[in-house]
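Just a sequence and a predicted model for now, questions to come.
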Amino acid sequence: MSFYLTTPIYYVNSTPHIGHAYTTIAADILVRHHRQRGEETYFLTGVDEHADKVARVAADEGLSPQEYVDRIVPDWRRLAPSVNAEPDYFIRTTDEGHKRFVQDFLQRIYDNGDIYQDVYAGLYCVGCEAFKTEEELVDGKCPDHGTEPEWLEEKNWFFRLSAFEERLLQLYDDRSDFVLPAFRANEARSFIAGGLRDFSISRATQTWGIPIPWDPDQVAYVWADALVNYLSALSYAPGAKLDLWPARHLLAKDILRFHCVYWPALLLSAGYEVPRQLFVHGYLNLDGRGISKSLGNVIRVEELTDVYGVDALRFWAARAVTFGQDADVTVEGFHERYERELGNDLGNLLSRTTALIARSGGSLDPSSPDAELAAAATALGDEVAALFDRYEITTALDRIWDHVRRLNRYVEQTKPWEIAREPERAGELAEVLYGLADGLRVVAVALAAYTPDTSERILTSLGQPVELAWENVAPGRTVAASGIAATEPLFPRVDAPAAAA
Ligand code: MSP
């Protein structure tokens with residue numbers, strides 16, 4: 001079975017911040033985990049270029065849209081590597097392969113009779129790239145962007161979304177895990193049940209976009225272009241193939257309707273299978289407010305990774321924000337978790353363990369680990385895998401952290417530094433040290449999807465091969481090793497956040 005996962009393709013009207021990094025990190029954690037389980041994986045991310053708001057920024061900067069996107073896209077291309085995410089392909093909606101596919105996709109819908117011409121007049125929010133009803137506005141402004149929508153009146157091509165109401169409701173009824181978490185499925189379902197309105201898939205007054213094949217004077221509406229990326233990439237990206245479809249999509253709640261309602265309907269109309277699954281996560285709010293350039297509270301990835309390292313950011317993203325929920329986050333909270341959990345719980349455990357092994361001769365001899373620790377390690381592998389199957393990356397990490405704490409308790413209880421003072425208890429000491437090393441190895445493999453570099457360092461410093469296959473999340477697989485030395489701290493102390501920020 002293949003695991004094909006996508007992130008939203010991000011708008012290039014400004015540069016990336018930790019909100020975008022958050023989705024990319026979560027996706028990479030999921031993909032790496034499934035790779036550890038031996039599944040064939042494909043990971044797609046990229047950028048959404050044909051938005052009206054992109055054309056407007058370009059105009060403000062005195063550039064053609066194409067010149068503008070060509071200048072800013074490298075910043076976006078760096079996003080995934082900057083958080084050690086490894087997408088298989090980075091799609092641009094200006095890729096020729098994508099443009100061709102979109103035209104073919106829209107033509108199929110047209111040929112199937114789901115498109116008609118009409119005049120539409122309404123209030124349009126450029127921030128959302130969507131029409132708004134009066135009821136959706138607060139004091140006449142878009143609640144998400146705080147701006148007044150513009151009046152737009154055009155003769156456009158419309159997609160008969162209303163014709164898909166029954167089929168979509170049936171889909172939600174048949175597949176209870178189509179959209180996760182369940183409360184998001186309910187949200188999508190009630191939106192559908194409330195009655196669907198046809199929407200326009202073309203723009204007559206814009207020129208920045210993909211020409212409509214049967215009416216090249218109009219361009220495709222940005223969402224009718226962007227959503228198709230998830231499928232188009234499979235037709236031309238290196239290493240991809242169309243049978244990876246259907247995909248699993250990761251997105252935040254802001255774009256739920258487009259993904260959970262419009263997209264499956266477009267696919268049904270064009271004759272493709274609907275997505276395999278969609279997971280809708282929450283929003284990160286910084287110091288009580290949304291993260292945006294206009295609010296002036298954007299945190300760039302490097303501000304955190306330069307100080308704390310990439311693994312600390314990845315760990316924090318999964319641990320501090322319950323995946324699926326909104327969360328208020330702070331740089332102080334980040335720092336505190338770094339010190340307490342990464343520095344103390346995990347870092348000190350490795351430092352202590354390697355120092356003890358080094359002092360007792362530097363070698364590890366296989367013996368059977370403590371029965372309780374062994375049972376917990378066996379259970380950990382199964383539990384974490386089951387949680388990952390439900391995208392519960394935070395709860396899965398909680399379980400792994402329980403194991404880290406269990407190992408710390410084991411050190412406190414067995415007091416190996418005392419055993420070491422009594423030469424006649426050498427056998428007992430070897431067993432305790434083996435148990436600790438084995439526990440740390442289990443933790444390293446289990447954590448590898450979250451903190452790949454740290455996991456490698458743990459395994460290497462214990463003289464273990466970097467074998468990340470999921471079956472190694474099991475006790476007793478630590479091999480004999482020698483020459484083990486006390487390690488440098490995994491997560492060195494850094495200045496408090498005031499200095500970091
Ligand atoms: N271009 C569209 C998506 C098209 S997909 C076919 C778009 N782009 S976006 O740049 O606005 O990205 C929105 C996505 O970025 C969210 O759905 C989420 O994945 C991520 N996030 C941006 N800010 C975020 C937070 N503050 N918190 C969590 N996720 C955030 O919408």
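Alright, I've got the coordinates. Remember, predicted model here, so these are calculated numbers, not experimental data.

Write out the residues of the protein neighbouring the ligand.
Contact residues, the chain versus the ligand (C-beta under 6 Å from any ligand atom): 8-11, 19-20, 22-23, 48, 226-227, 229, 251-252, 254-255, 283-284, 291. (Each C-beta comes from the backbone N, C-alpha and C, glycine too.)

Only the buried subset of those residues, as a ChimeraX command please.
To isolate the buried members of the residues of the chain next to the ligand in ChimeraX, using 16 or more other C-beta atoms under 10 Å:
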select :8,9,10,11,19,20,22,23,48,226,227,229,251,252,255,283,284,291
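
Show me what counts as buried in stretch 218-232.
Using 16+ other C-beta under 10 Å as the burial criterion, the residues of stretch 218-232 that qualify are 218-232.

For residue 95, which non-adjacent residue is closest in space?
residue 236 (7.3 Å; C-beta to C-beta, 6 or more residues apart in numbering).

residues contacting the one you found?
95, 97-98, 101 (C-beta atoms under 8 Å, 6 or more residues apart in numbering).

Just the residues of the chain next to the ligand: which are in strands?
8-11, 48, 251-252, 284 (DSSP state E).

Show the residue spans covered by the strands in the stretch 201-350 of the chain.
202-203, 211-212, 215-220, 248-252, 277-281, 284-286, 289-290, 327-329 (DSSP state E, counting those that start in this stretch).

Mean pLDDT lowest where, among those strands?
The weakest mean pLDDT among those belongs to strand 289-290, with a mean of 76.

Centre of the chain to it, how far?
20 Å (C-alpha atoms, centre = their mean, to the nearest Å).

hang on, residue 259 packs against residue 252?
No. With contact defined as C-beta atoms under 8 Å, residue 259 does not count as touching residue 252 (10.0 Å).

what's the overlap in contacts for these two?
In contact with both residue 259 and residue 252: residue 280, using C-beta under 8 Å, 6+ apart.

In the helix or strand containing residue 74, which residues are buried?
Using DSSP states H and E, residue 74 falls within helix 65-77. For helix 65-77, the neighbour count (16+ other C-beta under 10 Å) marks 65, 68-69, 72-73, 76-77 as buried.

In the ones in strands among the residues of the chain next to the ligand, find the pair that's most separated.
Pairwise distances across those (C-beta to C-beta) peak at 19.9 Å, for the pair 48 and 284.

how about the closest residue to residue 357 other than its chain neighbours, secondary structure?
In space, residue 357 comes closest to residue 484 once its chain neighbours are excluded; the distance is 4.7 Å by C-beta to C-beta, 6+ apart. Judged by DSSP: H, G, I helix; E, B strand; the rest coil, the three-state class of residue 484 is coil.

give me phi/psi at residue 484?
phi -80, psi 130 (degrees, to the nearest 10).

and it, how many residues sit next to it?
By the measure other C-beta atoms under 10 Å, the count of residues near residue 484 is 23.

Wait, it touches residue 463, no?
Yes. Contact criterion C-beta under 8 Å: residue 484 and residue 463 qualify, at 5.4 Å.

Now the common contact residues for those two.
Jointly contacting residue 484 and residue 463 under the rule C-beta under 8 Å, 6+ apart are residue 364.

Let me see the contact set for the residue nearest to residue 298 when sequence neighbours are not counted.
Of all residues beyond its chain neighbours, the one nearest residue 298 is residue 17 (4.4 Å), with distances taken as C-beta to C-beta, 6+ apart. Contact analysis of residue 17 by C-beta under 8 Å, 6+ apart lists 291, 293, 298-301.
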